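Participant: Following is a predicted model, sequence given first.
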Amino acid sequence: REEAFFISVYLHIKANTKEQLELYCKDFLKKVTDMNFDFYNAYLNQKEAFLQSLPLSKKDTENQHLISTKAMANLSPLLSSDIHEPEGIFIGDNLINQSLIFLDLFKQSNSNANIFGKSGSGKSVLCKLLISRLLLRGVQNVVIDPEGEYVDLANKYGGEVITFSRDKGINPFYIHTHYSSELSSEELAKQKQNDTQDQIIKLKEFFSLFIDDKHRNPGLLGDTLSRYFERVEDRERNMRSYLNYLRERAKNEDILFLIDLEELEVGKSMGGFFNSSESYDLSSEFIVFDFSSIKEESIKIPVMYLLTKLVGKLADNKQRKTMIYVDEAHLLLKNEMTGKFLQVLSKTNTGLVCSSQELEDFKVENGGKTLITQAECNFILKQSAASLNYIRNNSLLPLTNEENRSITTFLPGQMFIIRMNEHILCRSVVFDEER
């Protein structure tokens, strides 16, 4: 049964500087406004307000307000904002005030999020929950999946699974692109020319992963690619025909890097992975790039590089929302080029969700810290003591001492949702149909 009380509430905020005090006040007012409370500065009454905030304050009968039991409960130190955004997806329940959390990942200035949790914390379950519910909102979901964890989910929802192995590789020369029917013939020609130049730049970076330092010649590599593109139609371009073109040119000039690139031929040490003649249509609502069968690290990094470049083309499509998921994102951060591309992807038109259990790989020098600090939303599941020390020592996330202690004891599915100044203690809710 609700009861009513006459109360007076005074808040004494301390800070080391005026700027810090203004920031604390602004943060506090935002939190209480979300809870439908109004607080006012004690203008011309500061001495009296200060005395009231002390432990032995006298009873205040002049500034009392009538408040209900439920509203009183919200004045507990365990403040928690409600998140119930109309265009959002259901995440779970708020463990502080038992409200339901509906989160719109596309509402903020960028649509990037990170999911961090040790093995068994519910990291993959949360990723699959986001995919399932964003599909219902009409969002395209694209997963870079090094472990094959999302293949069954894609098959369940009728998505497209693109598997990479020696027997079924990728064609780095051809990516099917959808062009708007609203483009004029002149605009279309210009767009295709820009796309070709962009692809040549990407191929130069890709091939440099395989060329020995003694054989590097970026100018000659770029020239061979440009002339090859002029000579061969887009659907006919593939690794075998490019190598044949290089051999033809090598009869009249020294192409030292040819010996390195020939290792990419079928039957050679790295053959098969990049010798496909297939092209890929990126229009499906749910796409999983599965390369779990690739065990060699020397192959996995170039494949991930090609895939990040390939899905990056989705950023040009402004007709629909797209969310790109990078599972085990720390693998990309281990390579300079793929790490840089993750940073570029985080600033595009698409959303980017990085999932990882290796927080220690998110460093300043590889751009990992930027991915965390500039993401609009971070989902922090159960962490090891080592990861929490890394977070604290590198100022990755503004966690309180109590939050640090509780994170190490989280059950699977429990997490903090950190979005700007909001810290929401949450438990994800998964329905039977989504398992």
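Facilitator: Great, that's in hand.

Participant: Roughly how far does the residue nearest the centre of the chain sit from residue 231?
Facilitator: What sits nearest the mean C-alpha location of the chain, by Cα atoms, centre = their mean, is residue 353, with 2.3 Å. As for residue 353, its distance to residue 231 is 40 Å (criterion: Cβ to Cβ, to the nearest Å). Any C-beta I mention is one placed from the backbone N, CA and C, and that applies to glycine too.

Participant: same deal with residue 184?
Facilitator: 28 Å.

Participant: can you check residue 64 too?
Facilitator: The spacing between residue 64 and residue 231, counted by Cβ to Cβ, is 86 Å.

Participant: try residue 409
Facilitator: When distance is defined by Cβ to Cβ, residue 409 is 63 Å away from residue 231.

Participant: Pick out whichever of the two has more residues nearby.
Facilitator: Neighbours of residue 409 and residue 231, each counted by other Cβ atoms under 10 Å, are more numerous for residue 231; the result is 11 against 8.

Participant: ok, now which ones touch the more buried one?
Facilitator: With contact taken as Cβ atoms under 8 Å, 6 or more residues apart in numbering, residue 231 is in contact with residue 245.

Participant: outside of stretch 206-213, which residues touch it?
Facilitator: When contacts are taken as Cβ under 8 Å, 6+ apart, the neighbours of stretch 206-213 outside the stretch itself are 172, 216, 218, 221, 257, 260-261, 263-264, 270, 301-302, 305-306, 309, 337.

Participant: Now do the phi/psi pair for residue 373.
Facilitator: Note on residue 373: backbone dihedrals following degrees, to the nearest 10 are phi -70, psi -30.

Participant: For it, give me its contacts.
Facilitator: residue 396.

Participant: before we move on, what about residue 137?
Facilitator: Here residue 137 is in contact with 87, 89, 321 (Cβ under 8 Å, 6+ apart).

Participant: try it again with 6 Å
Facilitator: The contact partners of residue 137, taken as Cβ atoms under 6 Å, 6 or more residues apart in numbering, number zero.

Participant: Now do the strands in the stretch 1-150 of the chain.
Facilitator: The residue ranges that make up the strands of the stretch 1-150 of the chain, judged by DSSP state E, counting those that start in this stretch, are 4-7, 65-68, 89-94, 100-103, 113-116, 140-145.

Participant: do you know which of the ones you listed lies nearest residue 290?
Facilitator: For those, the distance to residue 290 is smallest for strand 140-145, at 5.1 Å, taking Cβ to Cβ.

Participant: What strands flank that closest one, and is each parallel or antiparallel?
Facilitator: Strand 140-145 has its sheet partners listed here by DSSP bridges as strand 286-290 (parallel), strand 322-327 (parallel).

Participant: gap between the helix or strand following the last one and the chain center?
Facilitator: Towards the C-terminus, the helix or strand next in line after strand 322-327, according to DSSP states H and E, is helix 330-333. Its chain's C-alpha centre and that of helix 330-333 lie 12 Å apart, by Cα atoms, centre = their mean, to the nearest Å.

Participant: Now name the helix or strand holding the residue nearest to the centre of the chain.
Facilitator: Counting by DSSP H and E, the element that carries residue 353 is strand 351-356.

Participant: so what does that strand touch, helix or strand wise?
Facilitator: Applying 3 or more Cβ pairs under 6 Å, 6 or more residues apart in numbering; DSSP states H and E, one finds that strand 351-356 makes contact with strand 113-116, strand 322-327.

Participant: tell me the angle of that strand relative to strand 322-327?
Facilitator: Counting by axes from the mean of the first three to the mean of the last three Cα atoms, to 10 degrees, strand 351-356 points 10 degrees away from the direction of strand 322-327.

Participant: mind listing what's buried in strand 351-356?
Facilitator: 351, 352, 353, 354, 355, 356 (16 or more other Cβ atoms under 10 Å).

Participant: what's it in contact with?
Facilitator: Residues outside strand 351-356 that contact it (Cβ under 6 Å, 6+ apart) are 105, 111-115, 123, 127, 323-327, 329-330, 345-346.

Participant: separation between residue 372 and residue 250?
Facilitator: From residue 372 across to residue 250, the span is 47 Å (Cβ to Cβ).

Participant: nope, residue 363 is what I was after
Facilitator: 41 Å.

Participant: same deal with residue 213?
Facilitator: As for residue 213, its distance to residue 250 is 20 Å (criterion: Cβ to Cβ).

Participant: mean pLDDT lowest for which of the strands of the stretch 1-150 of the chain?
Facilitator: Of all the strands of the stretch 1-150 of the chain, the minimum mean pLDDT falls on strand 65-68 (a mean of 74).

Participant: name the helices or strands packed onto that strand?
Facilitator: Contact partners of strand 65-68 among helices and strands, from 3+ Cβ pairs under 6 Å, 6+ apart: strand 4-7.
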